[in-house]
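Asker: Pasting the sequence and the predicted model now:
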Amino acid sequence: MKALAFCVVWFLIACPGARGDGGFISPTAFANVRIPDQRALIHFDKGIETLVIDTSFKGDGTNFAWIVPVPSAPKIETATTGLFPTLQTILQPEIIHNVSPWYWWAIGLGAFIFSIYWKLRQGKPISGVLAMWLIGIVLAGMLLPALATAGVSSLAAGDVNVIERKRVGVYDTAVLSPRDGRALLEWLQTNGFAAPTNFLPAIQDYAKQGWLFVASKINLARSLKDPAKPPPLALTFKTERPVYPLRLTGIGNDTCQIDLYVFGPDRAEIPHFVVERCAMPLYQKEEPNIWRVDLSQLRIQHPGLRTIVDQSRVATKLTARLNSQQMIEDAYIAWTPFQEKRRTVYSGHGAAILTANITVPLLVAALLAWFWTLRRTGIGVQRLRKASAIAVPACVLSGALLFLLLPRIAVITQRWPSLRNERLHEQILPAFLEDEAKEKGSTFQPDIAWVRQQLLESSEFRRAFNPEFQTNYFSGQPWREEDSPGNYTLRQTADGLEYVWYDIAGGDHSVPLFRKKE
């Protein structure tokens, strides 16, 4: 009877789809959010580069200056804050999370062989053991279906020419052409764009080469203990070779983690940078597949991203942690023949299961061989016993080493993330807002400020819905007003209001909320 109980328990454990936490629905894993020190989008086509830079600001004070050298006069714009979260999502590595636990079959087979061996050793018939195993398999097969459904102008100013000065979004910007690096530093100090004096050698070199400088500053309400994320700044300029300016970044920084998303005619490569992903983007509009999440194809659906990179042939994600010596020269992009690449990483769960699948069968075989050699004699038997005894700790150590060597990444997991994301944005939130508006009376006309208050500040909303419905299903972070996967934006139209939500590829989907009353 003990053997029968063991059979049933083993089958329940060995079949993860039979657990009561969602049936056969496997969770989807997404890379946990990691924001580098700098990240940039570079688009290059026919001698024109668009450089979109997203940088963190941290430190005491509320006035932060940002100086970017460029080889020619740029057009300055801002990009939306959802641009880089979208790039991070659609260009994330392939994550191995759902690995079938075949190692349980090795354990079961080992237990079966051992039970037969034990009966034979005792001189008893094995028919009873075989019958018990057969009954256990039948009972487990009957239980599995039930368990599987259990859940679901230019102006001269001394030695500095001010090519242009204007307000761009939250930035005060100036395009400067200095005759001398020291004159540039003096101009910056006089006009509120504070710059360290140790920038002087690099600025002198840029000025000798005829480069211009984009000086930007942003005023913040308070000092920063954590990095602040202002909107990215987009610079479009002429250049013979696409470049990411690094020399000013390397001054005063021992190390800097940089992610570059490059769209151009071929695969991009830069010294000291590693290619994490290289693919040919797809630009056709496609409805989201609510049944599964597929990031194997690089679909460019985000409106802001399409505006910048539309019809680029190849996209490459490069990443590096650079030290100060590696940042003494600018990063020029070299084009190489296209070769698709997608980095493969494992979640902790996936790495553990894969390790077990490899090492457990070897461990079971070693244990069976060791048991078989007990009370047996002979040189061959003794050698097998010694080898088995050594193999057991060797399997354990090799398994631990394999787990440590596998490339792993922190992940968040969700079941049916696309389906639940659509349900939240198409049904739950619009219905909640409609109900709240009705309570205000028939003459009440909601506006964006009212909708934003309901979604972000309303205690009724927090009480009405589980915190799960306030979580971005693709990042695990609280969902927010941003044009990025799993989040939303609000839009005023001629007819009323629209609630816009974004799918896994950053595609936008409009939901009419309120129509203007005649």
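Answerer: It's in.

Asker: What score does residue 184 have for pLDDT?
Answerer: Residue 184 is assigned 84 on the pLDDT scale.

Asker: residues of whatever helix or strand it lives in that come out buried?
Answerer: Per DSSP states H and E: residue 184 is located in helix 181-190. Buried residues in helix 181-190, defined by neighbour count with 16 or more other C-beta atoms under 10 Å: 181, 183, 184, 185, 186, 187, 188. (Each C-beta comes from the backbone N, C-alpha and C, glycine too.)

Asker: Please identify the buried residues of stretch 159-173?
Answerer: 159, 160, 161, 162, 163, 164, 169, 171, 172, 173.

Asker: That should have said stretch 372-391, apologies.
Answerer: Neighbour-count burial for stretch 372-391 flags 372, 373, 384, 385, 388, 391 (criterion: 16+ other C-beta under 10 Å).

Asker: quick revisit: tabulate the buried residues of helix 181-190 (CSV), appending distance to residue 209.
Answerer: Shown next, in CSV, are the buried residues of helix 181-190 (distance: C-beta to C-beta, whole Å):
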residue, distance to residue 209
181, 12
183, 16
184, 14
185, 17
186, 20
187, 19
188, 19
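
Asker: about what we covered before: mind listing which of the buried residues of stretch 372-391 are in helices?
Answerer: Under the assignment DSSP state H, the buried residues of stretch 372-391 contribute 372, 373, 384, 385, 388, 391 to helices.

Asker: Turn these into CSV, including distance to residue 326 and pLDDT.
Answerer: What follows is those, written out as CSV (distance: C-beta to C-beta, whole Å; pLDDT from 0 to 100):
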residue, distance to residue 326, pLDDT
372, 58, 78
373, 58, 78
384, 55, 80
385, 55, 78
388, 51, 79
391, 45, 83
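
Asker: and the helix holding residue 184, what does it pack onto?
Answerer: With contacts taken as 3 or more C-beta pairs under 8 Å, 6 or more residues apart in numbering; DSSP states H and E, helix 181-190 sits against strand 160-168, strand 171-178, helix 200-208.

Asker: Now do it against strand 171-178, angle only.
Answerer: If you take axes from the mean of the first three to the mean of the last three C-alpha atoms, to 10 degrees, helix 181-190 sits at 160 degrees to strand 171-178.

Asker: What is the distance between helix 181-190 and the centre of its chain?
Answerer: On the basis of C-alpha atoms, centre = their mean, to the nearest Å, helix 181-190 sits 40 Å off its chain's mean C-alpha point.

Asker: circling back: in the buried residues of stretch 372-391, find the pair that's most separated.
Answerer: Pairwise distances among the buried residues of stretch 372-391 were taken by C-beta to C-beta; the largest, 13.2 Å, belongs to 372 and 391.

Asker: circling back: quick one: which of the ones in helices among the buried residues of stretch 372-391 is nearest to residue 329?
Answerer: Checking those against residue 329 by C-beta to C-beta gives residue 391 as the nearest, at 52.7 Å.

Asker: residues touching that closest one, list them.
Answerer: For residue 391, the contact set (C-beta atoms under 8 Å, 6 or more residues apart in numbering) comprises 362, 363, 366, 369.

Asker: Most neighbours of all those, which one?
Answerer: Each of the contacts of residue 391 was scored for neighbours by other C-beta atoms under 10 Å, and residue 363 scores highest at 22 neighbours.
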